[in-house]
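Enquirer: Below are the sequence and a predicted model for it; my questions follow.
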Amino acid sequence: MGRTTVWVTGVALALFTLSLWGLGTPNGGVASDTAERGPRIQPFESRSSVWGRYYPHQYRSFMETRESDEIVDVLEKAPALVILWAGYGFSKDYNAPRGHAFALEDNLNTLRTGAPVDGNSGPMPTACWTCKSPDVPRLIARIGEKDFFTGKWARHGGEIANPIGCADCHDSRTMDLVVPRAYFERAFEAYSGRKLSGVSQEEMRTLVCAQCHSEYYFKKEPWKDADGTEKIAAVVTFPWDKGLSVEAMEAYYDERNFADWTHKLSRAPMLKAQHPGYETFVTGAHGRNGVTCADCHMPERTEGDVTFTSHRVGNPLDDMENTCMNCHDVSPEELRREVERKRERRDQLSRIAMDALARAHLEAAKAWELGAAESEMSPILREIRHAQWRWDYAAAAHGAFFHAPEEVLRVLGTAIDKAQAARVKLRAVLAKYGAPNYRVPDFSTKEKAQALIGLPYRKLVEEKKRFLKGLRMEWFERAKDKGIFDPASREGIVDRTSYL
């Protein structure tokens, strides 16, 4: 062996040894002076600050999601939504999404979750906690999935104490990416034909996000508890059996005659899209080319001699040099302008769809008032159902205008077509019953729209205030007594709502 070969081999071995040492430290580099050595995190540990002792860089970057704290009242900006969601919780209160650190706060504060006075009251099922907290997998592991999904939202108030955090995505022993929610595993395996356990860690950089950023509904499943008592669980279920497209999920729901609610004005059996971010992402250029969610929303960051994945999950345009510019060779300014053009196109078609749908619901209500028959209204209501589902699919997937702009515009086009077709048929019905020139009432403000649907807004606000000062505070005290509440999760957080 030559002298040069020996030298190269020695250097290679030294570098290899150093790389192993680097991988063995919690930070992926030199251990922080403040980090305790050797992770001792218990399974289902829901307090992210405990994980932060060993992974301080990741934890600090996650806590930066608290900077996205602005409340934007979407109903105020788009009052037609109140009409679209008449009879459903979103007509009461709907704000633009905020950072992950606020997931629990926003769930507790929204008027949609109501003002329960005990563990058995309130309008929402337990499933409404599902994606808001790592306490959910902890609780499911303790009492079982069917038990967790049974009863009212308020039932688990004293157990769900911490916002989205480390345990939602990581194994506490290996730090591997995992999905701790069984309903996603079932849906993924049924849809893809693959076992989630065999998926690469690279693909998991998308799937850990998909466990929550996807379309779902609450499927009613009967079960018996240990005493043999019959109960009904409202289990989070993904409608993926036929595929991920808007038409495939629409067919899934239609075959089951499923409806999230019956519209208060039109009486249409409605579907509410949740946030089908994954479904739209996989149809776009990024998804088709192997880009993961983390590549754009959790880029690498370097602090000193440590390089780590940023957990400041947010808008890629806020850090373009470390996200977009890794692949695109245009200037950041040019790319930003292109993204804005896509957003403007989506927004234009979305506004047209919302207006047409709001008018269709109001015109249908008038037709019923005049004596229209079920037989002549049924096909019209089905068209309204499909139109709103398609609009909502495109709108609720908040980044879809960027993830899959062509698909979003296509879907919005079909939504407008179906909404206008329903209105043409409604005009014929209205004419038949003596109101050919009926004009819908003014819904140009949130207040006017909520009055039109008979929503007792001020009453809901007063009830919510009592809940926030009463039962909610009791829940926090219970969580503290159990030792599951993480005080660090609320440091620096100021309650913000659209109604206080």
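Expert: Happy to help now that I have it. Numbering: from 1, shown residues only.

Enquirer: element containing residue 208, please.
Expert: Element membership for residue 208, per DSSP states H and E: helix 201-210.

Enquirer: if you average pLDDT over that helix, what comes out?
Expert: Taken as a whole, helix 201-210 has an average pLDDT of 97.

Enquirer: I'd like to know which elements it is packed against.
Expert: In terms of contacts (3 or more C-beta pairs under 8 Å, 6 or more residues apart in numbering; DSSP states H and E), helix 201-210 is packed against helix 182-192, helix 277-281, helix 293-297. Just so you know, the C-beta spots here come from the backbone N, C-alpha and C atoms, and that holds for glycine as well.

Enquirer: quick check: angle from it to helix 182-192?
Expert: On the basis of axes from the mean of the first three to the mean of the last three C-alpha atoms, to 10 degrees, helix 201-210 is oriented at 120 degrees to helix 182-192.

Enquirer: one step back: any chance of the helices and strands packed on helix 201-210 in a markdown table, plus distance to residue 325, mean neighbour count and mean pLDDT?
Expert: Converted to a markdown table, these look like this (distance: least, C-beta to C-beta, whole Å; neighbours: other C-beta atoms under 10 Å; pLDDT from 0 to 100):
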| stretch | distance to residue 325 | mean neighbour count | mean pLDDT |
| --- | --- | --- | --- |
| helix 182-192 | 32 | 17 | 94 |
| helix 277-281 | 20 | 26 | 96 |
| helix 293-297 | 11 | 20 | 96 |
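
Enquirer: Any chance of CSV for those helices, columns distance to residue 152?
Expert: Shown next, in CSV, are these (distance: least, C-beta to C-beta, whole Å):
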stretch, distance to residue 152
helix 182-192, 19
helix 277-281, 28
helix 293-297, 32
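
Enquirer: pLDDT below threshold where in the stretch 1-150 of the chain?
Expert: Counting by pLDDT under 70, the stretch 1-150 of the chain has low-confidence residues at 1-38.

Enquirer: So which of the helices and strands packed on helix 201-210 is nearest residue 173?
Expert: helix 182-192 (19.0 Å; C-beta to C-beta).

Enquirer: where do the strands sit along the stretch 151-300 of the chain?
Expert: Secondary structure of the stretch 151-300 of the chain (DSSP state E, counting those that start in this stretch): strands located at 217-224, 230-237, 261-262, 269-270, 300-303.

Enquirer: among the ones you listed, which is nearest residue 413?
Expert: Using C-beta to C-beta, the nearest of these to residue 413 is strand 269-270, at 20.6 Å.

Enquirer: Describe which strands that closest one pairs with in its sheet and in which direction.
Expert: Neighbouring strands of strand 269-270 in its sheet, by DSSP bridges, are strand 261-262 (antiparallel).

Enquirer: how does this protein divide into domains?
Expert: Per automatic domain parsing, the domain ranges recorded for the chain read 29-67+94-256+292-312+457-484, 75-88+260-270+327-453.

Enquirer: for this protein, longest helix please?
Expert: Scanning the chain for the longest helix, with DSSP state H as the assignment, gives helix 332-369.

Enquirer: residues contacting residue 358?
Expert: 80, 83-84, 440, 443 (C-beta atoms under 8 Å, 6 or more residues apart in numbering).

Enquirer: From those residues, pick the one nearest residue 471.
Expert: Distance ranking of the contacts of residue 358 against residue 471, using C-beta to C-beta, places residue 84 first at 30.7 Å.

Enquirer: what's the burial count for the closest one?
Expert: 26 (other C-beta atoms under 10 Å).

Enquirer: measure it to residue 350 for me?
Expert: 11 Å (C-beta to C-beta, to the nearest Å).

Enquirer: next one: residue 126
Expert: Remark: distance between residue 126 and residue 350 (C-beta to C-beta) = 32 Å.

Enquirer: on that earlier part again, which among the strands of the stretch 151-300 of the chain is found nearest to residue 417?
Expert: Using C-beta to C-beta, the nearest of those to residue 417 is strand 269-270, at 18.5 Å.

Enquirer: Quick one, grab the pLDDT at residue 248.
Expert: Predicted confidence (pLDDT) for residue 248: 97.

Enquirer: and the residue lying closest to it once chain neighbours are set aside, what does it touch?
Expert: Excluding the flanking residues, the one nearest residue 248 by C-beta to C-beta, 6 or more residues apart in numbering is residue 242, at 4.1 Å. Under the criterion of C-beta under 8 Å, 6+ apart, the neighbours of residue 242 are 248-249, 251-252.

Enquirer: By neighbour count, which of those wins?
Expert: Taking other C-beta under 10 Å as the neighbour criterion, residue 249 ranks highest of the contacts of residue 242 with 24 neighbours.

Enquirer: Test my guess that it contacts residue 215.
Expert: Yes - the criterion here is C-beta atoms under 8 Å, and residue 249 meets it with residue 215 at 6.2 Å.

Enquirer: and residue 492, how many neighbours?
Expert: Residues near residue 492, counting by other C-beta under 10 Å: 10.

Enquirer: how near is the nearest residue to it once chain neighbours are set aside to residue 497?
Expert: Spatial nearest neighbour of residue 492, excluding adjacent residues (C-beta to C-beta, 6+ apart): residue 66 at 6.3 Å. As for residue 66, its distance to residue 497 is 16 Å (criterion: C-beta to C-beta).

Enquirer: hang on, the earlier thing: can you tell me which of the contacts of residue 242 is nearest residue 164?
Expert: residue 249 (24.9 Å).

Enquirer: Compare residue 126 and residue 350 (neighbour count), which wins?
Expert: Neighbour count, other C-beta under 10 Å: between residue 126 and residue 350, residue 126 has more, with 23 against 20.

Enquirer: which residues sit in contact with that one?
Expert: 148-153, 155-156, 234.

Enquirer: got a list of what the nearest residue to residue 468 once chain neighbours are set aside touches?
Expert: In space, not counting the residues next to it along the chain, residue 468 is nearest to residue 109; the distance is 7.0 Å by C-beta to C-beta, 6+ apart. Contacts for residue 109 (C-beta under 8 Å, 6+ apart) come out as 464, 468, 495-497.

Enquirer: just checking, residue 293 touches residue 206?
Expert: Yes - with contacts defined as C-beta under 8 Å, residue 293 counts as touching residue 206 at a distance of 4.7 Å.

Enquirer: ok, back up a step: so how many other residues sit close to the residue nearest to residue 492?
Expert: Residues within reach of residue 66, counting by other C-beta under 10 Å, total 20.

Enquirer: just checking, next helix/strand downstream of the host helix or strand of residue 420?
Expert: Assigned by DSSP H and E, residue 420 belongs to helix 405-432. Proceeding N to C from helix 405-432, the next assigned helix or strand is helix 446-452, under DSSP H and E.
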